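Peer 1: Task: produce atomic coordinates for the following.
(2 chains)
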Amino acid sequence: MKYRSAFDIIGPVMIGPSSSHTAGAARIGRVARTLFGKQPKKAIISLYGSFAKTYRGHGTDVAVVGGILDFDTDDERIPASLTIAEEAGMEVSFTIEDTVTDHPNTVKIRLFDEDKELELVGISIGGGTIEITELNTFKLKLSGENPAILVVHNDVFGIISSVSTVLANHEINVGHMEVSRKDKGQMALMVIEVDQKIKGDVMKEIEGLENVSQVIRMVE
Amino acid sequence: MFRNVAELVELAESKNVKIAEIMILQEMEFSSLSREQIIEKMDRNLTVMEQAVERGLKGVQSVTGLTGGDAVLLQNYIKSGKALAGDLLLDAVSKAVATNEVNAAMGMICATPTAGSAGVVPGTLFAVKEKLNPTRAEMIEFLFTSAAFGFVVANNASISGAAGGCQAEVGSASGMAAAAIVELAGGTPSQAAEAMAITLKNMLGLVCDPVAGLVEVPCVKRNAMGASNAITAADMALAGITSRIPCDEVIDAMYKIGLTMPVALRETAEGGLAATPTGRRLAKEIFGSYK
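Peer 2: Predicted coordinates:
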């Protein structure tokens, strides 16, 4: 079952005009903001495919920036997000790309401030549903059909087992898991797809583990 | 858990409850939220729909200027007393248009089932409301009944224009609305299914050919026709008319038509109305030299 809730059909509440070009774009921007952890000083947004061709009419540009400002899909400030970003001292620039990507609605977001930067690629697959396909050049594979979390951690011995122990203690079954890292001992990522929704207390418990820096819900 | 319309109708009939109730029970099981929480969540969606219609009826314009103001024209026409179709039908049409004009103007809407098809379900609900005087609870049930039918289409076929053409968006929305109107008007679960089947049958093959790739032309007017289609089919079902092809088979036919539809006619803005000389000129005017 691709759709599991009545609210996947009646909803989301959103700023128009397009669930994929506007609501989905805002959600991708917001995931980038959440992963960055704070408001960035600078955002470089690259639009591909249908996003690149029709972003102005669909408000994809203001939606992505709204997401980076931490606005939800129904935040009425979305149409004014470019001005709001400017007033907040966030520098925003767009590049329109010709490259043909795997999915017609693709956006790459790069966020910066003095002490960190982040790069994320997301796709908008319809009805406001999104997938994050790349984070800091790591490729992420998600079916999008099951709830999934992303665990950002240091690449150290035993961390995978600590995370899976927490899940096992809460009787959460793992359907698919992927671990990737750039270099030994550096930042690494775990993408875990599970059978049931992961509740807030479990998220907190994982986040509290030593060497885990962040836990994000990728698919509800 | 229901997997198709036949099971949905069977569940409602065997438990002697409305289709809305089956959807609410399933949502409780899926989400582990209480009944009150689920009702409250849908109540919020209903409020958003009401506000969108109200705003659209006052008149809005989209960013591109391609759409806006037609809901007002229709309301004025109804008031003139010269309308040929019934007032309820035209009221539904104008309220569907109002919602989609707000959507095109980047206003707040509730995707039903998508943003491009967001007008049909609320448009028909708020028009029928004038005649049937439902309670707030019954209006919320209307949305759950719509959701139940949309749920079957989304899981067994598609609600995406890019995947299945406009038949999957406005077609699905119209079928959902028709079924919900029947239930609100006191029809049986199987009559609701007949209304869904009759509606969707008449929207089969509808292509998704948005001018300049925008959710404006012809999307706004397709929601208008979707709303009138839904009301007509609901009346037919309530009159006792049935569909010779069962609802699930109509949904399956819609899916297969979607799969065989050329890519140019599935939300790529490369065929149909988007590819007409005027469609291309408008795209060029709006987006400059990209095409």
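Peer 1: show me the residues around the residue in chain B positioned nearest to chain A that make contact.
Peer 2: Closest residue of chain B to chain A, Cβ to the nearest Cβ: B:Asn103 (3.4 Å). C-beta coordinates here come from the backbone N, C-alpha and C atoms, glycine included. B:Asn103 sits next to A:16-17, B:52, B:109, B:115-116, B:118-119, B:215 when contact means Cβ atoms under 8 Å, 6 or more residues apart in numbering or on different chains.
Peer 1: would you turn the residues you listed into CSV with distance to A:Phe138?
Peer 2: Below are the contacts of B:Asn103 laid out as CSV (distance: Cβ to Cβ, whole Å):
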residue, distance to A:Phe138
A:Gly16, 33
A:Pro17, 33
B:Ala52, 40
B:Ile109, 35
B:Ala115, 31
B:Gly116, 34
B:Ala118, 36
B:Gly119, 41
B:Val215, 34
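Peer 1: Neighbour-wise, which one of those leads?
Peer 2: Highest neighbour count within the contacts of B:Asn103, by other Cβ atoms under 10 Å in any protein chain shown: B:Gly119, with 38 neighbours.
Peer 1: Please report how far the residue of chain B closest to chain A lies from A:Leu150.
Peer 2: With distances taken as Cβ to Cβ, to the nearest Å, B:Asn103 is found 32 Å from A:Leu150.
Peer 1: repeat for A:Gln214
Peer 2: Distance from A:Gln214 to A:Leu150, by Cβ to Cβ: 8 Å.
Peer 1: Quick check: neighbours shared by these two?
Peer 2: Listed contacts common to A:Gln214 and A:Leu150 are A:Leu35; contacts here mean Cβ under 8 Å, 6+ apart.
Peer 1: mind checking the SS state of the residue of chain B closest to chain A?
Peer 2: Put simply, B:Asn103 is helix when judged by DSSP: H, G, I helix; E, B strand; the rest coil.
Peer 1: May I have the phi/psi pair for the residue nearest the centre of chain B?
Peer 2: In chain B, the C-alpha nearest the mean C-alpha coordinate belongs to B:Ala173, at 2.6 Å (Cα atoms, centre = their mean). Backbone dihedrals for B:Ala173, given as degrees, to the nearest 10, come out at phi -60, psi -40.
Peer 1: residues making contact with the longest helix seen in chain B?
Peer 2: Secondary structure of chain B per DSSP state H: the longest helix is helix B:35-58. Residues outside helix B:35-58 that contact it (Cβ under 8 Å, 6+ apart): A:6-7, A:10-11, A:13, A:74, B:24, B:27-28, B:31, B:33, B:71-72, B:75, B:94-95, B:97-103, B:107-110, B:112, B:118, B:121-123, B:125-126, B:136-137, B:139-140, B:143-144.
Peer 1: again, only using 7 Å
Peer 2: With contact meaning Cβ atoms under 7 Å, 6 or more residues apart in numbering or on different chains, helix B:35-58 is reached by A:7, A:10-11, A:13, B:24, B:27-28, B:31, B:71-72, B:75, B:95, B:98-99, B:101-102, B:107-110, B:122, B:126, B:139-140, B:143-144.
Peer 1: so after the longest helix along chain A, what's the next helix or strand?
Peer 2: Criterion DSSP H: the longest helix present in chain A is helix A:24-36. Scanning forward in sequence from helix A:24-36 by DSSP states H and E, the next helix or strand is strand A:42-48.
Peer 1: So what angle separates the directions of that next one and helix A:24-36?
Peer 2: 140 degrees (axes from the mean of the first three to the mean of the last three Cα atoms, to 10 degrees).
Peer 1: Show me which residues of strand A:42-48 are buried.
Peer 2: Neighbour counts over strand A:42-48 (16 or more other Cβ atoms under 10 Å in any protein chain shown) mark A:43-48 as buried.
Peer 1: Stretch A:174-194 too?
Peer 2: For stretch A:174-194, a neighbour-count test (16+ other Cβ under 10 Å) marks A:177, A:180, A:188-194 as buried.
Peer 1: show me the contacts for A:Ser18.
Peer 2: Neighbouring residues of A:Ser18 by Cβ under 7 Å, 6+ apart: A:58, B:115-116, B:215.
Peer 1: Residue of chain A nearest chain B, please.
Peer 2: Closest residue of chain A to chain B, Cβ to the nearest Cβ: A:Gly16 (3.4 Å).
Peer 1: give me phi/psi at that residue?
Peer 2: phi -70, psi 180.
Peer 1: got a list of what it touches?
Peer 2: Applying Cβ under 7 Å, 6+ apart to A:Gly16 gives the contacts A:22, B:102-107, B:109, B:115.
Peer 1: could you redo the last one with a cut-off of 8 Å?
Peer 2: A:22, A:59, B:102-109, B:115, B:118, B:215.
Peer 1: And the helices in chain B, which stretches?
Peer 2: For chain B, helices defined by DSSP H occupy the ranges B:5-15, B:19-31, B:35-58, B:70-80, B:87-104, B:120-132, B:136-156, B:161-164, B:166, B:172-184, B:189-201, B:219-238, B:247-260, B:277-287.
Peer 1: Let me know which of those is tucked in deepest.
Peer 2: Using mean count of other Cβ atoms under 10 Å in any protein chain shown, the stretch among the helices of chain B with the largest mean neighbour count is helix B:172-184, at a mean of 33.
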